[in-house]
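Peer 1: sharing a model that was predicted from the sequence below.
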Amino acid sequence: MDYEAVRRRFGSRVRHLREEKAITQERLAELIGKTIEHVSLLERGERSPSFEVILETANALNISVSYLMNIEQTNDNTDTINTLLVAPVSPTLVKPVEEPITTKNKRSSDIERLQLAFNGIREMQKLADEYGINDILQDNGGKVLQVLILLGLRISPGREGNDAIDADDNEYELKTINRALNKNAGVTTHHHLNKDILCKYRSVKAWYIAVYEGIELIEIYKVPSSILEEKFQQWEIKLQTQESINNPKIPMKLVKKGEIVYTKQINTH
């Protein structure tokens, strides 16, 4: 039996049903008592679900276990994506909704543009595979790939979250932040930060925090864990009385105490 293929089909099934019910990865993680990274790994087929996770996921999606495990069916998002990636889609092959917001000519033009864009995405995914990123369209995969290439790192195999390693197997924590969404936002850490995760945060060689403006990379900070220790101590105190902390953030004022290792070059011509 091809266990990897089964895991991928199960992950695709979970993702399809979750999106069908308009449930975010964060919300599903909360409902089944796991981290968002855990859910992401499940949906990418990189982690095998335990029996308990299967039961909890079915309950969270308000479906039966047998319906959740019907992973042989083909009417999910994976087939739609594969169709787009394999061949151009003609508007005549797709029946529009009752009142489409675009004209037939506009749809035809946009499908052609989409197909051209996917040609580039295919090439980008081939590159991402070399750096341990299985899906650049999920979880900021494209941004993480950019940071990995610039820093000469790759994703740590078999680890949760955006862990990366260098040639000497030193581990780093990678984070991205889009300041276009909130100029004063802190850096997101973990949706269920616990003592084990805090220990890992302290043990990495450094944190690399990439600051984006939309899709444009502005700068990257290298922040030793020692600089973040004041926040770690605050979280440690909270974890003495509670099992986990929901997504504590690192303020940018701490990040900026680190070293800027990349700055976007501005063309003055």
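Peer 2: Yep, that arrived.
Peer 1: now do the helices in the stretch 51-200 of the chain.
Peer 2: 51-60, 65-68, 77-86, 104-130, 141-151, 195-203 (DSSP state H, counting those that start in this stretch).
Peer 1: average pLDDT for the fourth one?
Peer 2: Averaging pLDDT along helix 104-130 gives 84.
Peer 1: so which elements touch it?
Peer 2: Judged by 3 or more Cβ pairs under 8 Å, 6 or more residues apart in numbering; DSSP states H and E, helix 104-130 is in contact with helix 77-86, helix 141-151. (Each C-beta comes from the backbone N, C-alpha and C, glycine too.)
Peer 1: about what we covered before: so of the helices of the stretch 51-200 of the chain, which one's packed in deepest?
Peer 2: Burial of the helices of the stretch 51-200 of the chain is given as mean neighbour count (mean count of other Cβ atoms under 10 Å); helix 141-151 ranks first at a mean of 19.
Peer 1: and the angle for it with helix 104-130?
Peer 2: Relative orientation of helix 141-151 versus helix 104-130 (axes from the mean of the first three to the mean of the last three Cα atoms, to 10 degrees): 40 degrees.
Peer 1: measure the nearest residue to K205 once chain neighbours are set aside to S156 for me?
Peer 2: The spatially closest residue to K205, leaving aside those adjacent along the chain, is N170, at 4.4 Å (Cβ to Cβ, 6 or more residues apart in numbering). Distance check for N170 against S156: by Cβ to Cβ, to the nearest Å, it reads 10 Å.
Peer 1: same question, K126
Peer 2: K126 sits at a distance of 20 Å from S156 (criterion: Cβ to Cβ).
Peer 1: and this structure, what are its domains?
Peer 2: What the record gives for the chain is the domain set 3-68, 87-128, 133-263, from automatic domain parsing.
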